[in-house]
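Asks: turn this into a model:
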Amino acid sequence: MTSLRQLEYLVTVVDEGSFTRAAELLHVTQPALSHQIRVLEKDSGGALLERLPRAVRLTPMGRAMLPHARAALADAERARCAARQASGLETGELELATLYSVSLGVLPAVLRAWRRRCEGVHIRLFEHRHTDELHAAMLAGQADLAIGPPPPDWQGPLWTLGTEEFVVIDPEAPPGATRVELVTLATRSWVHYAPGHGLADVLDQACAAAGFRPSAAVRTEQTAAAPILAAAGLGPTLVPNNILPPSFDGPVLRPDPPVTRPLAAYTRSAPDPLTSAFVETLLAEKSVV
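Replies: Numbers count the residues shown, from 1 in each chain. Next up is the predicted model:
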């Protein structure tokens, strides 16, 4: 029967890319590690790893098993944490998966409120560029709770947080302007996002709805850099309104029609007490969305 220890061995070998390094990290001998991997492969019905001269790689069976192995290990760790924390929320660690833009705009106020409530509980953030990456990471067991656009057909618990509003930063906006039709910016070069960045999709889709494809003056990997580059005169950009600091003095325009994105929190299964407490804090602070 497959054990958690064998799954841990498999994940460590894959992450380290080497039986030798994995054995050192796990504090076991390499023969013992290799034996347990062979037992796991026998129980699984075939090879999970291809042994190369200087590396290892997953077989198709191994690639199919790996996300489930990670999820099983993460669930076991959460079970241990839940048992230790059954008497209260004084200590522990909560793992959150989210998008870069959400960690800039939504989470600071929530984490401040959480810190006041549970000072001894540490937060570990896993930040992703794209909604699809966030969804896949959550399915693979990366974190206790995900915060971002709700994935379609999610089977686990999900809490609706609200709607995120996007604004245009345009250094050439007329004085006193508060709104803009995106089609009027069709001939401009934009401060855009790098391919694979989730906000690149949001910007492209908003412009497509207005009837044009935006050209890029510059593309950035950093969400926080977009409004700064736009305010410096490099072109208009589209950003979540909640990432702008109070001190931001660039021209901020609301698109007409509005550009929005729903946000939610979601878990794979019923949350433990610690995760439930964070969700309560998140819902109480969702006015930041």
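Asks: make it CA atoms for all contacts and neighbour counts henceforth
Replies: OK.
Asks: and the pLDDT for residue 85?
Replies: pLDDT, residue 85: 57.
Asks: sorry, wrong one. I was asking about residue 111.
Replies: Residue 111 is assigned 92 on the pLDDT scale.
Asks: equivalent analysis for residue 191, please.
Replies: 98.
Asks: quick one: residues contacting it.
Replies: Going by C-alpha atoms under 8 Å, 6 or more residues apart in numbering, residue 191 touches 216, 217, 218, 219, 220, 226, 229, 230, 234, 235, 236, 237.
Asks: can I take it that it is in a strand?
Replies: Yes. According to DSSP: H, G, I helix; E, B strand; the rest coil, residue 191 belongs to a strand.
Asks: returning to that earlier point: out of the contacts of residue 191, which comes closest to residue 133?
Replies: Distance to residue 133 across the contacts of residue 191 (C-alpha to C-alpha) is lowest for residue 220, with 18.4 Å.
Asks: follow-up on the earlier one: in strands, which of the contacts of residue 191 appear?
Replies: In strands, judged by DSSP state E, the following of the contacts of residue 191 are found: 216, 217, 218, 219, 220, 237.
Asks: please pick the buried ones from those residues.
Replies: With burial judged by 16 or more other C-alpha atoms under 10 Å, the buried subset of those is 216, 218, 219, 220, 237.
Asks: let's have the ones in strands among the contacts of residue 191 in TSV, adding distance to residue 204 and pLDDT.
Replies: Output for these, formatted as TSV (distance: C-alpha to C-alpha, whole Å; pLDDT from 0 to 100):
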residue	distance to residue 204	pLDDT
216	11	97
217	14	97
218	14	97
219	13	97
220	14	96
237	11	97
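Asks: hang on, the earlier thing: return the member of the contacts of residue 191 nearest to residue 141.
Replies: The closest of the contacts of residue 191 to residue 141 turns out to be residue 220 (C-alpha to C-alpha; 29.2 Å).
Asks: looking at the chain, which helix or strand is least sure?
Replies: The weakest-scoring helix or strand in the chain, judged by mean pLDDT, DSSP states H and E, is helix 60-84 (a mean of 82).
Asks: please name the residues that touch residue 3.
Replies: Under the criterion of C-alpha under 8 Å, 6+ apart, residue 3 has no neighbours.
Asks: give me the distance between it and residue 192.
Replies: Taking C-alpha to C-alpha, to the nearest Å as the criterion, residue 3 is separated from residue 192 by 47 Å.
Asks: just the strands in this structure please.
Replies: Secondary structure of the chain (DSSP E): strands at 49-51, 56-58, 92-99, 121-128, 145-148, 158-169, 179-180, 189-193, 215-220, 237-240, 252-255, 260-266.
Asks: which strands and helices sit next to the longest one?
Replies: Spelled out, that is strand 158-169. strand 237-240, strand 252-255, strand 260-266 (3 or more C-alpha pairs under 8 Å, 6 or more residues apart in numbering; DSSP states H and E).
Asks: next, count neighbours for residue 133.
Replies: Using other C-alpha atoms under 10 Å, residue 133 has 16 neighbouring residues.
Asks: which residues touch it?
Replies: For residue 133, no residue meets the contact criterion (C-alpha under 8 Å, 6+ apart).
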